[in-house]
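# sequence first, then the predicted structure, then my questions.
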Amino acid sequence: MEITFALTKNKQVFLAILLTVLSAFPQIVSAQDTAPQGPIYIVQEGDTLSSIAFQFNLTVDELVQANLVSDPNTLNIGDTLTIPGLEGVEGILTTQTITLGDSLENISKRYQVSQDLLTRINHLTSPAEVYTGIHLIIPQAEGAEPFNHQTLIEPGGSLLEAAAAAGKNPWSMVQSNHLGGTWDGLPGDIIYSSSGDDDPSPVLLHPSIQTIDLSPLPLFQGSTAVVRVLTDEPAVVNGTLDGYDLHFLPDGENSSVALQGVHAMAEPGLAPFSIKVEFGNGSTYELEQMVVLERNTNFLGNRGDEPERLTVDPEGLNPELTEPENQQLRDLVAPVNPQRMWEGLFAVPGYNREWLTSRFGNRRIYNGDPTIYFHTGIDFEGGTGLPIKAAAPGTVVFAGLLTVRGNTTVIDHGWGVYSIYMHQSEIKVAVGEKVESEQEIGLVGATGLRVTGAHLHWEVWVNGVQVNPLAWLDNTYP
């Protein structure tokens, strides 16, 4: 009993000392036990602390300290993070991708946030920096909904007429759009109000234009861009994207679509986009806007790592041989056939989709020369004699021997889309022949000067530009 009593007494003394020591130091609490002041960001799919910190011009340490994050590697979709350094800003911080026709003024009206605040949060130096495809940070009061109803003041019209046509109170529209009065709305202005609908409508551009859509946003190297214009009446549509003329073709009633490849070595930054819509009554609508074009970090050698290094016959790099052949291919794929012959996904042309030895866009160095090339297609490995299949229905426009590329077949699928099959040991189709999807068109080989072994090199061209063929196996265009 005496021993037990002694131990109990010692425990009491120890606990008393421990409590005294702990009370002398500030307690460490978890983020859930505090209520930090400042705007809140809700973690989205694909977010990391690094990407969030970069988005808000912070360091990871600043973000960790502000939220008392115990494990920076544990971040879940839906988690909330306080964003420091935004004095005077409250509510939820959302991220919106800027679409065609958007401007800082329109976004300010739609979300009821001042242009000055949007400029400060997004570190903009001028309203002109709101480019199509950028991600803009927008603060929203908790529970607040953006104005998603748009009213366009038509040419020769007034705000009063636009409000009457939309069934809205003009004075309410004046107040919500921060106008001086009903006289302050000018023809061509977009007036925002609440509709009670959860889904925002596309930005209004013209009384007869429902949408002008460009995807993907932002653009990226090697992608296939789809531009769709939907109008209320028949119209003629023309445009350009990053220096290429767009070819619009009908795709449903009053719907026009153009497909355009983005070059794998296009300079990251801003790509010019323009469009002109002409209506039967002689009226036109024109839009010019810069679109964000991003570097594709999936390409080997495009992210600071080593490019592919290959050794080939030096004659396969001789400009006297390569340039005429390159021009021959460009000429073959230049025509834009208005008949679309494919539907849905492209089929795998190689023997096995998993047998890939090199992907599209990879930077390449040949024979140790410092010149940087890029891989213009994808390579399916396989021994000589394995079957090659057509990726989609089309018409054969070339089937023959090329010096650098070997036995080559070019198929026109319509709408400026072509597929090319190189290095074949045997070609099984002829020019002018109609082929079906997955029809055998040749056999794998190792022909041509620029080849390191038997394989199928497969390319997809869209309006004169090579694009990532794998995207056509996984995505439906348009």
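Perfect, I can see it now.
# what are the ranges of the helices in this structure?
If you assign secondary structure with DSSP state H, the helices in the chain sit at 2-23, 49-55, 60-67, 104-111, 115-121, 159-166, 170-176, 319-332, 469-474.
# format those helices as JSON lines; extra columns: mean neighbour count.
Placement of C-beta: from N, CA and C, glycine included. What follows is the helices of the chain, written out as JSON lines (neighbours: other Cβ atoms under 10 Å):
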{"stretch": "helix 2-23", "mean neighbour count": "9"}
{"stretch": "helix 49-55", "mean neighbour count": "16"}
{"stretch": "helix 60-67", "mean neighbour count": "16"}
{"stretch": "helix 104-111", "mean neighbour count": "20"}
{"stretch": "helix 115-121", "mean neighbour count": "16"}
{"stretch": "helix 159-166", "mean neighbour count": "17"}
{"stretch": "helix 170-176", "mean neighbour count": "16"}
{"stretch": "helix 319-332", "mean neighbour count": "13"}
{"stretch": "helix 469-474", "mean neighbour count": "18"}
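# is it possible to export those helices to CSV including mean pLDDT?
Output for the helices of the chain, formatted as CSV (pLDDT from 0 to 100):
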stretch, mean pLDDT
helix 2-23, 42
helix 49-55, 89
helix 60-67, 91
helix 104-111, 89
helix 115-121, 91
helix 159-166, 84
helix 170-176, 83
helix 319-332, 97
helix 469-474, 98
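# among those, which is nearest Gln221?
Among these, helix 469-474 comes nearest to Gln221, with 12.0 Å by Cβ to Cβ.
# which other residues reach that closest one?
223-224, 345-348, 353, 359-360, 377-378, 391, 419, 458-460 (Cβ atoms under 8 Å, 6 or more residues apart in numbering).
# pull out the buried members of those.
With neighbours counted using 16 or more other Cβ atoms under 10 Å, these contain these buried positions: 223-224, 346-348, 359-360, 377-378, 391, 419, 458-460.
# returning to what we had before: and which of the contacts of helix 469-474 is nearest to Leu317?
Of all the contacts of helix 469-474, the one sitting nearest Leu317 is Gly377; the distance, using Cβ to Cβ, is 17.5 Å.
# Ala391 reaches Ile420, doesn't it?
No. Because the distance of 10.0 Å does not satisfy Cβ atoms under 8 Å, Ala391 is recorded as not touching Ile420.
# between the two, what contacts are shared?
Overlap between the contact sets of Ala391 and Ile420, as judged by Cβ under 8 Å, 6+ apart, is given by Ile411, Trp458, Val460.
# got the contact list for the second one?
Counting by Cβ under 8 Å, 6+ apart, Trp458 makes contact with Pro349, Gly350, Gly377, Ile378, Asp379, Phe380, Ala391, Ser419, Ile420, Tyr421, Met422, Pro469.
# where does this structure dip in pLDDT?
Counting by pLDDT under 70, the chain contains low-confidence ranges at 1-37, 195-201.
# how is it partitioned into domains?
The record's domain split for the chain, according to automatic domain parsing, is 92-140, 149-193, 209-294, 308-474.
# mind putting those domains in CSV, distance to Thr48 included?
Below are those laid out as CSV (distance: least, Cβ to Cβ, whole Å):
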stretch, distance to Thr48
domain 92-140, 14
domain 149-193, 34
domain 209-294, 17
domain 308-474, 24
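# so which of those gets nearest Pro39?
Closest to Pro39 of the domains of the chain is domain 92-140 (Cβ to Cβ; 5.0 Å).
# using TSV, please lay out the buried ones among the contacts of helix 469-474 together with distance to Leu81.
What follows is the buried ones among the contacts of helix 469-474, written out as TSV (distance: Cβ to Cβ, whole Å):
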residue	distance to Leu81
Ser223	31
Thr224	35
Phe346	41
Ala347	45
Val348	42
Arg359	35
Phe360	37
Gly377	42
Ile378	39
Ala391	45
Ser419	46
Trp458	44
Glu459	44
Val460	41
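# which of the residues you listed fall within strands?
Members of the buried ones among the contacts of helix 469-474 lying in strands (criterion: DSSP state E): Thr224, Ile378, Ser419, Trp458, Glu459, Val460.
# for the residue lying closest to His135 once chain neighbours are set aside, give me its contacts.
Nearest-residue entry for His135: Thr95, 5.0 Å, with adjacent residues in sequence omitted and distances by Cβ to Cβ, 6 or more residues apart in numbering. Under the criterion of Cβ under 8 Å, 6+ apart, the neighbours of Thr95 are Gln44, Gln55, His135, Leu136, Ile137, Ile138.
# keep only those of the residues you listed that are in strands.
Counted as lying in strands by DSSP E, out of the contacts of Thr95, are His135, Leu136, Ile137, Ile138.
# of these, which is the most crowded?
Each of the ones in strands among the contacts of Thr95 was scored for neighbours by other Cβ atoms under 10 Å, and Ile138 scores highest at 22 neighbours.
# surely that one and Leu117 touch.
No. In this structure, Ile138 is not within contact of Leu117 by Cβ under 8 Å, at 9.4 Å.
# would you quantify the distance from the nearest residue to His263 once chain neighbours are set aside to Leu75?
In space, His263 comes closest to Val465 once its chain neighbours are excluded; the distance is 5.4 Å by Cβ to Cβ, 6+ apart. To Leu75, Val465 is 38 Å away according to Cβ to Cβ, to the nearest Å.
# more neighbours: which of these two?
Between Val465 and Leu75, counted using other Cβ under 10 Å, Val465 has the larger neighbour count: 21 against 15.
# got the contact list for the more buried one?
For Val465, counting by Cβ under 8 Å, 6+ apart, the contacting residues are Tyr244, Gln260, Gly261, Val262, His263.
# what does Leu386 give?
With Cβ under 8 Å, 6+ apart as the criterion, the residues that contact Leu386 are Gly350, Tyr351, Leu443, Val444, Leu456.
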